[in-house]
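> Model the following, please.
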Amino acid sequence: MVRSVVPALAGLAILLCGQAFAAEKISDADAFAELKARAQRGDAISQWAVSQAYASGHYGLKADKTEAFKWASKAADGGIADAALSVAHAYEKGEGITADPAQAADWLQKAANAGSAPAAVELGQLYDKGQDGLARNPAQADALYQTASNLGDRDVWSRLCDADTTGDTADWSRAVTHCPKAGQAGDDGAWLTMANAYANGTGVTSDPAKALDAYRAAANGGNLPAMEALARIYHDGTLAPKDEAQALTWQRNAARYGSMPAVAALARAYDSGDGVEADPKEAARLYEILARGGDAEARAWFAAHPKLSQAEVARNVVTPSGMPSGQILYAVDSDDPRFQTLDLAHYYQQLVDTTYPQRALQDHKQGTATVECRFTAHGDLDDCVLVEESPKGYGFGPALARIADRLGDSGNKALWADRYAGKTLRLSARWKP
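Reported below is the predicted structural model:
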């Protein structure tokens, strides 16, 4: 049975503090005596606290590894996973007990069984390398890594993938197992690592089909370099037959994530009609985005097309707040009639308020993003481009692109086509936890 020691230790601390207030003053010696009395009565949490006190020299004690080991053993027998891991480390290092690798491995297994994810990882690494008297057993190692993942170590596969593919200890025979598992756990960078490996024959036999699958998995997880790679692959005909439609799809996806090379590729396509119907005005819109950053190709394009100036493009921009409030939307993502009658500006704000990127929320990060899309002749929103995002890497830009998709699905398309076809919708948002 897994024992959670943090709340219990907190409760013990409150109890002792309460006793301290009641007595107005309690010495370290008295506090430790009370703690040890509880431990001697068999309370596993108190036993673990006594062990930690001896290990660290708390309560004015002289550090004593032997006593720390004795009390950790008692706490471990009482089901405290952290105590069992401490016993394993003691046997491994010979602290408070004679070093014994076999006992260390046994206690790692006990700690893992009691719910310690770090113990499961450490034991897995011993099986992976065949150390401390254990025969090398990759399958057993992977089972332990999965145990760690199930116990809440969400990054274990990613750490293994990184270790397997970098440095002098790289082991690609293990990477082909660990990196896909990291990808399946949400690490799109792990998919990209394997895609590049299969594409270039790095550590593995070159395999275009596996490379494409891994690039797609990474791109579908939001990995921008993978999207850019797929656009190049289909445009150039490497790893897969040349396919301009696929190239344009991935260029559009990459542009949604802020890839300026993808924006440039789309601008060229609309200018030349390569793979798409030629549209000088859409080319101008995309080149204007590039020109803001001083892009030389964009400046040259506008110089060669004086009738399509940057100023003209800038005048063609609308924002939710600048659109008439009477343009009612049907909010397809909600059955609540209150949301079915929101106008664009209010519906947009409601979407922003309810679409906070998960990683940013977890890290208490605030951020901003700006996305620009064009209104098509049918009233749809198309060719969205992430033009600003700060800070990067927290998902603010992709979140705003998804909001643009929902706006497009909910819009009054007939009215939009009539009033805004060919114009740019600029969406800007700020998130603050």
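
> In terms of pLDDT, where does the residue nearest to E228 when sequence neighbours are not counted sit?
Spatially, and ignoring its direct neighbours in sequence, E228 is nearest to A254 (5.1 Å; CB to CB, 6 or more residues apart in numbering). Just so you know, the C-beta spots here come from the backbone N, C-alpha and C atoms, and that holds for glycine as well. The score at A254 is 97. That number is its pLDDT.

> which residues touch A254?
The neighbours of A254, taking CB atoms under 8 Å, 6 or more residues apart in numbering as the test, are 224, 227-228, 231, 261-262.

> hmm, 7 Å instead?
A254 makes contacts with 224, 227-228, 231, 262, as judged by CB atoms under 7 Å, 6 or more residues apart in numbering.

> How about the secondary structure of it?
Secondary structure, DSSP: H, G, I helix; E, B strand; the rest coil: A254 is helix.

> Show only the entries of the contacts of A254 found in helices.
Taking DSSP state H as the definition of helices, the contacts of A254 contribute 224, 227-228, 231, 262.

> Next, format the contacts of A254 as a markdown table and append pLDDT, neighbour count and distance to A135.
Shown next, in a markdown table, are these (pLDDT from 0 to 100; neighbours: other CB atoms under 10 Å; distance: CB to CB, whole Å):
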| residue | pLDDT | neighbour count | distance to A135 |
| --- | --- | --- | --- |
| L224 | 97 | 22 | 43 |
| M227 | 98 | 26 | 44 |
| E228 | 97 | 21 | 45 |
| A231 | 97 | 26 | 47 |
| A262 | 97 | 26 | 50 |
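
> if I read this right, A68 contacts S51, doesn't it?
Yes - at 4.9 Å, A68 counts as touching S51 under the criterion of CB atoms under 7 Å.

> more neighbours, these two?
Of the pair A68 and S51, S51 is the one with more neighbours under other CB atoms under 10 Å, namely 28 against 24.

> Make sure I have this right: the more buried one is in a helix.
Yes - per three-state DSSP, S51 lies within a helix segment.

> V276 falls within a helix, correct?
No - if the criterion is three-state DSSP, then V276 is coil and not within a helix.

> Next, the contact list for it, please.
248, 269-270.

> give me the number of residues near the nearest residue to K365 once chain neighbours are set aside?
Nearest non-adjacent residue to K365, counting by CB to CB, 6+ apart: Y394, 5.3 Å away. Y394 has 22 neighbours, counted by other CB under 10 Å.

> What of the one 4 residues further on?
Applying other CB under 10 Å, we find 19 residues neighbouring P398.

> Please shift the residue numbers so they start at 16 in all later answers.
Done: numbering now begins at 16, and the last item shifts to P413.

> so it sits right up against N268, yeah?
No - P413 is beyond contact range of N268, at 10.4 Å (criterion: CB under 7 Å).

> separation between D179 and P448?
Separation of D179 from P448 (CB to CB, to the nearest Å): 36 Å.

> neighbour count winner among these two?
More crowded of D179 and P448, by other CB under 10 Å: D179, with 24 against 11.

> and whichever strand or helix holds that one, which residues are buried?
Following DSSP states H and E, one finds D179 within helix 171-180. By neighbour count on 16 or more other CB atoms under 10 Å, the buried set for helix 171-180 is 171-173, 175-180.

> and it, what other elements does it pack with?
For helix 171-180, the packing partners by 3 or more CB pairs under 7 Å, 6 or more residues apart in numbering; DSSP states H and E come out as helix 153-165, helix 187-199, helix 203-215.

> so of the ones you listed, which one's packed in deepest?
Across these, averaging neighbours per residue (mean count of other CB atoms under 10 Å) puts helix 203-215 on top, at a mean of 22.

> what's it packed up against?
Looks like helix 203-215 contacts helix 171-180, helix 187-199, helix 223-235, helix 239-251 (3+ CB pairs under 7 Å, 6+ apart).
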